[in-house]
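Engineer: The following comprises the amino acid sequence and a computationally predicted model.
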Number of protein chains: 2
Amino acid sequence: MTASPTPIVPDGVIYLDGNSLGPPSARTQERVRQLLEEEWGRDLIASWNAHGWIDLPTRLGGMIAPLIGAGADEVIVADSVSVNLFKLGAAALRGQRPRSVVVCEAEEFPTDGYVMQGLAEFMPGVEVRAVPRAALARVLDDDVALLLVSHVHYRTGEVHDLQELTRKAHAAGAMVLADLSHSAGVIPMSLSAWGVDMATGCGYKYLNGGPGAPAFLYVARRRQRWLRSPLTGWFGHARPFAFEGDYEPAEGMARWLCGTPSVLALAGLEAGLEAYKLADVRVLRAQAMALTDLFIAEVEARCDGLVLASPREAGRRGAQVSLRHPDGYAVMQALIAAGVVGDFRAPDIIRFGFAPLYVTGEQVREAVRRLAVVLDTEAWREPRFQVRAAVT
Amino acid sequence: MTASPTPIVPDGVIYLDGNSLGPPSARTQERVRQLLEEEWGRDLIASWNAHGWIDLPTRLGGMIAPLIGAGADEVIVADSVSVNLFKLGAAALRGQRPRSVVVCEAEEFPTDGYVMQGLAEFMPGVEVRAVPRAALARVLDDDVALLLVSHVHYRTGEVHDLQELTRKAHAAGAMVLADLSHSAGVIPMSLSAWGVDMATGCGYKYLNGGPGAPAFLYVARRRQRWLRSPLTGWFGHARPFAFEGDYEPAEGMARWLCGTPSVLALAGLEAGLEAYKLADVRVLRAQAMALTDLFIAEVEARCDGLVLASPREAGRRGAQVSLRHPDGYAVMQALIAAGVVGDFRAPDIIRFGFAPLYVTGEQVREAVRRLAVVLDTEAWREPRFQVRAAVT
């Protein structure tokens, strides 16, 4: 490795959207070029062995493990968060029979609920109980097989006490499946010590793995033999290259693989993760708390017409601040035109991510100065800022 | 587009393994560099709209459609073949109740059978009937919901008459799910006209999309409203960016998307598919038949100790020739060391793919000359050729 793995944002841009898509680094460019020219392009099929492609899902799992407080043998990289939620949810529901209820949070990131709805349609008798955040622990009764919870809420940035929720779920006989998409890399956690049963999270936000980068899965060691994925593709077989007729799940985390993974996508994630070799999540967490505190203080000092939608207490907030404005969509479009990139979540949330690997305090101050100008001049009323794009 | 989309093999290598992994082209290098530098690296999250990332699965589906004789609105790119077999198989089984049997070919590519076994474990009452190739049509009775068939057999290269099998399956009231991994791009087909219900196939063989490239799915227009994927991730929602609480499948093929797809992986496949803009599959088919005929004739003229495992009649054979040798693994290793790359499939098959986009007749003659030397000198007896690699 020679190039720097620190994500790079183009000159003139203040990028507060690393919670949607992290930027590439010089190392990403180098790694992908190397893959194309020196591996795939030169050694072709032999690269599966010669360049260790076959080990990438396990190796990247080992790089993610310290970020989430897990053993290297408890994490692997595969598929997308949505596919992994299905695999893990189905496995847990089968293992927990006759319990048949999945509890999840209403208003959480939609894919979590959607996947559980699909699972319930597919597995006879399974029922999804979507309840408000505050009610999660209260509705855990004897029918509940699984509690699905996002560590950090995608709209508000509020952090769940995952340790405490896990304790309550276990006391009620339920398993816990955590979605770490908005916390991995910016919030220290101890999944193994907390006893969290299963987790998944995305590779393209704070892990900077590239748009739609592969996701990771975690399964607690004590659960690994007991849980089986319904998606029994050949990469999850105990001996994939023996081409046997009957499926036998691999020992350990490899059973959560399914089809042949994209090596291009894995190489992008590998480069993104290299930035974390040099970082300490506890330090990053302190930086993110300071950046979000500064942002809130500056907004409250300089901007009118915005309402804080995130917890005021830094400890209860991820690396993200959300603000409400009745014309949030247009405000964000005007702010992006002014060189500050955040995003919008319907109906009225403007959302800012503070990835501590590359966002600075000076950028935060400048971002708020520009936001104040957008609001003071009502720049957002320009018609061009009102037109909705396909992806917002 | 400026760079050539024709796949490039390194100097000195005769690459007869494009049926396992196609090579990159200059266009692949250019497209991926462009994605990294001018899209992801420069425009970051805005690229989903600005560079049409959001449309990639549909756009690439449209590029694949003419290769498989389908409408552009019948094909989309998503996930892996294994994941897609699960989605399509589950959807068909659910739609065909009370029929509950999946018929598939014993000895076919293992992931096809594995995925059906996983499905049967999760869907109460579903049964997998794996039968010899010749018995497929015979066992289609009133209980059969689904016939799963690979268009071209991965070991022998034998081509199924997909049109005729579809006719028989439909006559028996069963649906057809075709795996086109070894035929897409090298065998002309008319899925729509033949009435094939569903299909999937891989992007990394003849389509040259890169190692583990995303797969494609086809669903016949008449089946599209009726079939629902069990993997209900947010990208398959009718309005993914409205962040609604309830899942509603998109119209058309978009409902087969699940999680956020890897744009890096899609860009690799996009570049691979560009080579087919200039090609006619009927012409490629004629070339592949001529190349495989030539290979067999040369082998039979020059090599001892090999038994043809593929059909002798070119029309019944894909772009592939398989030969049996009791020490096949070592023979292939020795041949690779001599600069001719094919692969090995246990227990005794050496397999050669003839991707007509980049394999020439002169290469075929030279490959057989080198194979004859390996056999005549018994070079394969060297101990270094006997050591099995992790992936073979």
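Structural biologist: Arrived safely.

Engineer: Using CSV, list the CA coordinates for the longest helix belonging to chain A.
Structural biologist: When chain A is parsed with DSSP state H, its longest helix is helix A:281-302. Extracted as CSV, the C-alpha positions of helix A:281-302 are listed here (Å, rounded to 0.1, in the frame of the first residue of the first chain):
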residue,chain,number,x,y,z
VAL,A,281,-13.4,4.5,16.9
ARG,A,282,-13.4,6.0,20.4
VAL,A,283,-11.4,9.0,19.1
LEU,A,284,-13.7,9.2,16.0
ARG,A,285,-16.7,9.2,18.3
ALA,A,286,-15.3,12.1,20.4
GLN,A,287,-14.6,14.0,17.2
ALA,A,288,-18.1,13.4,15.8
MET,A,289,-19.7,14.5,19.1
ALA,A,290,-17.7,17.7,19.0
LEU,A,291,-18.5,18.4,15.4
THR,A,292,-22.2,17.8,15.9
ASP,A,293,-22.2,19.9,19.1
LEU,A,294,-20.5,22.7,17.2
PHE,A,295,-23.0,22.4,14.3
ILE,A,296,-26.0,22.7,16.5
ALA,A,297,-24.5,25.6,18.4
GLU,A,298,-23.7,27.5,15.2
VAL,A,299,-27.1,26.8,13.7
GLU,A,300,-28.9,28.0,16.8
ALA,A,301,-26.8,31.1,16.8
ARG,A,302,-27.1,32.0,13.1
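
Engineer: Report the mean per-residue pLDDT for stretch A:167-176.
Structural biologist: Averaged over stretch A:167-176, pLDDT sits at 98.

Engineer: if we can go back for a sec, give the buried residues for the longest helix of chain A.
Structural biologist: A:281, A:284-285, A:287-289, A:291-296, A:298-299, A:302 (16 or more other Cβ atoms under 10 Å in any protein chain shown). The way it works is simple: take the backbone N, C-alpha and C, and place the C-beta from them, glycine included.

Engineer: For residue A:146, give me the pLDDT.
Structural biologist: As summarised for this prediction, residue A:146 has a pLDDT of 98.

Engineer: so when I look at it, I'm seeing a strand, right?
Structural biologist: Yes: applying DSSP: H, G, I helix; E, B strand; the rest coil, one finds residue A:146 inside a strand.

Engineer: and it, what does it touch?
Structural biologist: By Cβ atoms under 8 Å, 6 or more residues apart in numbering or on different chains, the contact list for residue A:146 reads A:89, A:92-93, A:96, A:101-103, A:174-177.

Engineer: Tell me the spacing between the residue most central in space within chain A and residue B:166.
Structural biologist: Geometric centre of chain A, nearest residue: residue A:181, 1.5 Å, by Cα atoms, centre = their mean. Here residue A:181 is placed at a distance of 42 Å from residue B:166 (Cβ to Cβ, to the nearest Å).

Engineer: Could you pull up phi and psi at the residue nearest to residue A:353 when sequence neighbours are not counted?
Structural biologist: In space, and not counting its chain neighbours, residue A:353 is closest to residue A:19: 3.1 Å by Cβ to Cβ, 6 or more residues apart in numbering or on different chains. Torsion angles at residue A:19 (phi, psi; degrees, to the nearest 10) stand at phi -80, psi -10.

Engineer: what residues are up against residue A:19?
Structural biologist: So residue A:19 contacts A:182, A:205-206, A:318-320, A:351, A:353, A:355 (Cβ under 8 Å, 6+ apart).

Engineer: Most widely separated two among these?
Structural biologist: A:206 and A:351 (14.2 Å; Cβ to Cβ).

Engineer: before we move on, the earlier item: and the residue nearest to the centre of chain A, what is it in contact with?
Structural biologist: Shown in contact with residue A:181 (Cβ under 8 Å, 6+ apart): A:81, A:109, A:150, A:154, A:201-202, A:205.

Engineer: and with 10 Å instead?
Structural biologist: The neighbours of residue A:181, taking Cβ atoms under 10 Å, 6 or more residues apart in numbering or on different chains as the test, are A:19, A:81, A:109, A:111-112, A:150-152, A:154, A:200-207, A:215.

Engineer: and what of residue A:210?
Structural biologist: A:21-24, A:28, A:32, A:203-204, A:264-269, A:271-272, B:35-36, B:40, B:262-265.

Engineer: Helices of the stretch 1-150 of chain A, start to end?
Structural biologist: A:26-34, A:41-43, A:47-50, A:56-68, A:81-95, A:110-122 (DSSP state H, counting those that start in this stretch).

Engineer: Against which helices or strands is the shortest one packed?
Structural biologist: With contacts defined as 3 or more Cβ pairs under 10 Å, 6 or more residues apart in numbering or on different chains; DSSP states H and E, the packing partners of helix A:41-43 are helix A:47-50, helix B:26-34.

Engineer: How far off centre is that helix?
Structural biologist: Distance of helix A:41-43 from its chain centroid, counting by Cα atoms, centre = their mean, to the nearest Å, is 33 Å.

Engineer: which stretches of the stretch 251-392 of chain A have low pLDDT?
Structural biologist: Counting by pLDDT under 70, the stretch 251-392 of chain A shows low-confidence ranges at A:392.

Engineer: In space, what's closest to the residue in it that chain B sits nearest to - neighbours in sequence excluded?
Structural biologist: When scored by Cβ to the nearest Cβ, the stretch 251-392 of chain A has residue A:259 as its residue closest to chain B, at 2.6 Å. Nearest non-adjacent residue to residue A:259, counting by Cβ to Cβ, 6+ apart: residue B:80, 2.6 Å away.

Engineer: tell me the contacts of the one you found?
Structural biologist: Residue B:80 sits next to A:78-79, A:83, A:231, A:233-235, A:257-262, B:86, B:111, B:200, B:202-204, B:212-215 when contact means Cβ under 10 Å, 6+ apart.

Engineer: swap the cut-off to 7 Å and go again
Structural biologist: Listed by Cβ atoms under 7 Å, 6 or more residues apart in numbering or on different chains, the contact set of residue B:80 reads A:233, A:258-260, B:215.

Engineer: Enumerate the residues of the stretch 151-300 of chain A near chain B.
Structural biologist: For the stretch 151-300 of chain A, the contact set with chain B under Cβ under 7 Å from any Cβ of the partner chain comprises A:210-214, A:230-234, A:237, A:241-245, A:247, A:258-265, A:268.

Engineer: So which of these sit within helices?
Structural biologist: Members of these lying in helices (criterion: DSSP H): A:263-265, A:268.

Engineer: Compare those and tell me which has the most neighbours.
Structural biologist: Of all these, residue A:268 has the most neighbours under the rule other Cβ atoms under 10 Å in any protein chain shown, reaching 33 neighbours.

Engineer: For it, which non-adjacent residue is spatially closest?
Structural biologist: Leaving aside its sequence neighbours, residue A:268 sits nearest to residue A:210 (Cβ to Cβ, 6+ apart; 3.6 Å).

Engineer: Check what pLDDT that neighbour gets.
Structural biologist: 98.

Engineer: Look up how far residue A:31 lies from it.
Structural biologist: As judged by Cβ to Cβ, residue A:210 and residue A:31 stand 11 Å apart.

Engineer: re the thing from before, which one of the contacts of residue A:19 is nearest residue B:345?
Structural biologist: residue A:205 (40.2 Å).
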